Structures are given as structure tokens and as C-alpha cells.
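**Q** Quick check, what structure comes out for this input:
(one chain, ligands or ions: 1)
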Amino acid sequence: MRWPGILAYFAEYLPVTAATPLLTLEEGNTPLIRSTSLEKRLGVGALFFKFEGMNPTGSFKDRGMVVAIAKAKEEGKEVVMCASTGNTSASAAAYARRAGLSCIVLIPQGKIALGKLSQALMHGARVLAVRGNFDDALRIVRFITANYPVALVNSINPYRIEGQKTAAFEVVEWLEGVPDILALPVGNAGNITAYWRGFKEFFERGKTRALPKMFGFQAEGACPLVLGKPVENPQTVATAIRIGNPASWKGAIAARDESGGLIDAVSDEEILLAQRMLAEEEGLFVEPASAASLAGIMKKAREGVFRGKETVVCILTGHGLKDPDIAVRQNEGKIEEVEPREEAVVELLGLGGERP
Ligand code: AN7
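**A** Numbers count the residues shown, from 1 in each chain. Next comes the predicted model:
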């Protein structure tokens with residue numbers, strides 16, 4: 001079957017009416033990839049990676065954005081706006097253009113990954129770099145969209161959460177049940193709220209007889225949910241989750257408590273190590289924020305949380321190409337220069353032997 005995108009495929013679970021345009025860039029239906037090496041070392045029964053970086057703009061944001069933009073179009077809106085650490089702006093810009101709407105994005109100046117910035121610019125969004133952080137940008141966007149004819153497409157727009165819950169549906173359909181543990185990075189906390197809603201909805205409809213434990217992971221320098229209070233000046237190498245006061249705070253806490261899960265913090269070093277392990281051992285290139293899910297599971301393995309039989313799904317929220325700077329910086333000095341001669345390359349590679 002040809003994949004029709006999430007508005008068509010999951011229409012019965014989404015706010016789709018006869019008037020809703022079936023907008024799509026064929027988002028969703030992302031791979032659920034079994035681990036080859038890490039699963040044994042971590043001492044879990046089975047480890048899967050749901051690679052949301054395979055969505056059309058390279059992150060999970062497309063699932064919620066396609067719904068938010070389709071509904072904005074249906075309601076006759078002409079301009080949409082969001083604050084973003086990068087991925088939301090890339091997705092909003094792409095879907096807005098697809099739907100013929102204009103798009104304004106507010107980003108924290110100097111703290112957005114190059115791939116994401118290039119997307120917003122290429123799709124013709126109006127890009128405003130705020131001399132502040134994400135939380136400042138979101139405050140301004142809330143004010144503008146409340147007082148001017150501009151539609152808000154951050155995840156406080158309920159259609160975003162509706163669309164994002166479809167990732168939980170896919171996990172259940174692909175695994176034919178729920179995992180024991182669903183691990184994901186947490187920034188503004190929309191995604192953990194959405195997954196939990198998706199699992200509960202499938203449970204209520206009898207599509208699964210169990211619910212997973214939700215394990216959310218924040219960066220140590222930006223972990224308000226772990227500290228129990230907003231962080232004034234959040235800092236982390238994982239710029240996507242550099243957020244000090246998550247909009248879906250209550251949703252995250254409810255997902256944690258109702259599922260019997262946890263929200264913990266991982267250091268930047270742990271995040272970058274997990275990012276390298278995914279790339280080197282599993283063949284999966286993700287952006288730093290996405291690696292927080294595996295970094296968290298590695299931390300829990302060290303703490304002896306697993307019993308060798310759990311099924312764990314790590315959500316990999318964004319593609320590694322989103323943030324080429326950090327990837328290259330981590331591999332500084334590894335490129336070897338060579339003269340443009342065959343023998344020079346043979347010698348450098350130490351191939352030796354007889355000359356052909
Ligand atoms: C790769 O784009 O907040 O907890 O403005 O880009 O639902 O916020 C991005 C967040 C995880 C955290 N992984 O998800 C934005 C933005 C990646 C992300 C998160 C983000 P939420």
C-alpha cells in the first residue's frame with residue numbers, strides 16, 4: 001500500500017472533518033529499527049529505535065505540524081507563527097508553504113542548528129532571531145497570536161499534540177502491543193504528552209491490553225522537570241531541548257506518574273557519547289537531543305534498573321544532518337589530507353604489498 005500520510009491513515013483518531021484539507025508530505029510511518037549490538041550490552045530483552053528523523057523535514061514535528069497547518073487552512077488562517085529551537089520552525093515553514101500560508105518563526109539567536117535554520121530560510125519563512133532564549137520567544141509568540149490575526153502552531157496548539165500521538169499508534173501497530181518502556185527526550189514536553197495520550201487512546205479502544213512506562217530525559221543544564229522548577233538560563237549542547245520552562249509541564253508529569261515512569265537528566269557528555277554509539281554501532285545518525293533517549297537508557301542500565309527481559313523503544317526525534325556543526329566538531333583532526341597521487345593514497349592507507 002502507498003503510505004497516504006497521517007491525516008488520511010489515522011483520520012478516525014484525528015480532528016479530520018469533510019472540510020479538512022488532506023495535507024501531506026507523507027509524514028509518519030517511520031522505521032522501528034531493532035538494535036544489533038547495544039541491546040545485549042544494556043541488558044534489556046529487546047531494544048528498538050523509532051527513527052523520527054525519517055520524517056519529511058527530518059524530525060517528529062511533522063506529525064503534529066501537518067494537523068495544525070491543515071486545521072489553520074481549514075479555518076481560513078493566512079499566517080502561522082511559532083517559537084522554536086529549530087525543528088518546529090523547519091516543519092512549520094515547510095507545511096505552511098505546502099498549504100499556501102505564510103510563516104513567521106522566532107528562534108533564539110545563535111542557538112539553532114544550521115540544518116534547521118537552512119530549512120526555515122529555504123521554505124521562505126520570515127525568520128526573527130530573538131536576543132534571548134526559547135522561553136522568551138514563546139512568550140512573545142503567545143502574545144502576538146493572542147492579539148493579532150496570526151495562528152499559533154507551537155505545541156500549545158492542541159492539534160499538534162493530536163498529530164504527534166500517531167507515533168504511539170505506530171509503535172503499537174508495528175510491535176503488535178506496547179513496549180515495557182518508551183524512552184524519549186523532553187524539552188517543551190509536547191511529545192511525551194502526545195505519546196502518552198496515544199497509548200492511552202489505543203488502550204481505551206482495546207487495541208492494546210497494556211500501557212508502557214514513560215521514561216523522559218532532559219539535559220542536565222536544562223532539566224526543569226527534574227528540579228521541579230523553571231530554569232532561568234538553560235544550557236546544553238542539545239540545542240533542541242534547551243528549554244527552561246516547558247509549556248506542557250503538567251502533561252509530562254501526568255505521563256510520568258500515570259505510567260509509573262520517570263523523568264531524569266543526562267549530561268552533555270552522556271548525550272554526545274550516545275550520539276556516537278548510535279552512529280558507530282547501529283548505523284543511525286541522529287541530532288544530539290535525540291540521543292538523550294539512549295543516553296537515559298544507558299544511565300538506567302548502569303543503575304541496574306533492567307532485568308534482561310524488558311522491551312524498550314527509544315524515540316530518535318531528529319536526524320543527525322540537522323546539526324552538522326556538532327557532528328564535525330566531535331571528529332576534529334580525523335580528516336587526513338593526501339596528495340592527488342595513487343601511490344600516496346596506497347602508502348597512507350598502509351596497503352603495501354606488490355605494486356599492481
Ligand atoms: C530533535 O523545535 O521545541 O519535549 O522548537 O527538536 O516535545 O519539546 C524541539 C524539541 C526532542 C523535545 N528532540 O520535544 C522546537 C522544539 C528534538 C526536538 C525535542 C525537540 P518536546
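**Q** Around the ligand, pick out the residues from the protein.
**A** Within the chain, the positions adjacent to the ligand are 59, 61, 84-88, 155, 185-191, 240-241, 287, 289-290, 317-318 by C-beta under 6 Å from any ligand atom. For the C-beta atoms, the positions are set from N, CA and C on the backbone; glycine is no exception.
**Q** which of the residues you listed count as buried?
**A** 59, 61, 84-88, 155, 185-191, 240-241, 287, 289-290, 317-318 (16 or more other C-beta atoms under 10 Å).
**Q** mind listing which of those residues are in helices?
**A** In helices, judged by DSSP state H, the following of those are found: Lys61, Asn87, Thr88, Gly190, Asn191, Ala289, Ser290.
**Q** Can you give me the pLDDT of Glu354?
**A** pLDDT for Glu354: 68.
**Q** what ranges do the strands span in the chain?
**A** 32-34, 46-51, 79-83, 102-108, 126-130, 151-152, 181-185, 213-219, 262-266, 311-316 (DSSP state E).
**Q** Dump those to JSON lines, plus distance to Tyr13.
**A** Shown next, in JSON lines, are these (distance: least, C-beta to C-beta, whole Å):
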{"stretch": "strand 32-34", "distance to Tyr13": "19"}
{"stretch": "strand 46-51", "distance to Tyr13": "18"}
{"stretch": "strand 79-83", "distance to Tyr13": "23"}
{"stretch": "strand 102-108", "distance to Tyr13": "26"}
{"stretch": "strand 126-130", "distance to Tyr13": "33"}
{"stretch": "strand 151-152", "distance to Tyr13": "22"}
{"stretch": "strand 181-185", "distance to Tyr13": "18"}
{"stretch": "strand 213-219", "distance to Tyr13": "19"}
{"stretch": "strand 262-266", "distance to Tyr13": "26"}
{"stretch": "strand 311-316", "distance to Tyr13": "19"}
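**Q** With mean pLDDT as extra columns, can I get the ones you listed in TSV?
**A** Shown next, in TSV, are the strands of the chain (pLDDT from 0 to 100):
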stretch	mean pLDDT
strand 32-34	98
strand 46-51	98
strand 79-83	98
strand 102-108	98
strand 126-130	98
strand 151-152	98
strand 181-185	98
strand 213-219	98
strand 262-266	98
strand 311-316	98
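**Q** which one of these lies closest to Val16?
**A** Ranking the strands of the chain by proximity to Val16 (C-beta to C-beta) places strand 151-152 first, at 17.8 Å.
**Q** So what are the sheet partners of that closest one and their directions?
**A** Using DSSP bridges, the strands paired with strand 151-152 are strand 79-83 (parallel).
**Q** quick one: contacts of the partner strand?
**A** With contact meaning C-beta atoms under 8 Å, 6 or more residues apart in numbering, strand 79-83 is reached by 68-69, 72, 88-89, 92, 96, 101-107, 130, 134, 137-138, 140-141, 144-145, 149-154.
**Q** can we see that at 6 Å?
**A** By C-beta atoms under 6 Å, 6 or more residues apart in numbering, the residues outside strand 79-83 that reach it are 72, 88, 92, 96, 101-106, 137-138, 141, 145, 150-151, 153-154.
**Q** repeat for stretch 68-77
**A** So stretch 68-77 is in contact with 19-21, 23, 80, 95-96, 99, 151, 153, 157, 159-160, going by C-beta under 6 Å, 6+ apart.
**Q** Could I get the buried residue list for that stretch?
**A** In stretch 68-77, the ones that count as buried by 16+ other C-beta under 10 Å are Ala68, Ile69, Ala70, Lys71, Ala72, Lys73, Glu74, Lys77.
**Q** Wait, Asp323 touches Glu287, no?
**A** Yes. The pair Asp323 / Glu287 is scored as a contact, 4.6 Å apart, by C-beta atoms under 6 Å.
**Q** re earlier: looking at the contacts of stretch 68-77, which are in helices?
**A** Short answer: the contacts of stretch 68-77 in helices (DSSP H) are Tyr95, Ala96, Ala99, Tyr159, Arg160.
**Q** Which one of the residues you listed is nearest to the ligand?
**A** Arg160 (8.8 Å; C-beta to the nearest ligand atom).
**Q** In contact with that closest one, which residues are there?
**A** Contact analysis of Arg160 by C-beta under 6 Å, 6+ apart lists Gly64, Ala68.
**Q** How about the contacts made by the residue sitting nearest the centre point of the chain?
**A** Geometric centre of the chain, nearest residue: Thr317, 2.6 Å, by C-alpha atoms, centre = their mean. By C-beta under 6 Å, 6+ apart, the contact list for Thr317 reads Glu52, Ser59, Phe60, Pro185, Ser290.
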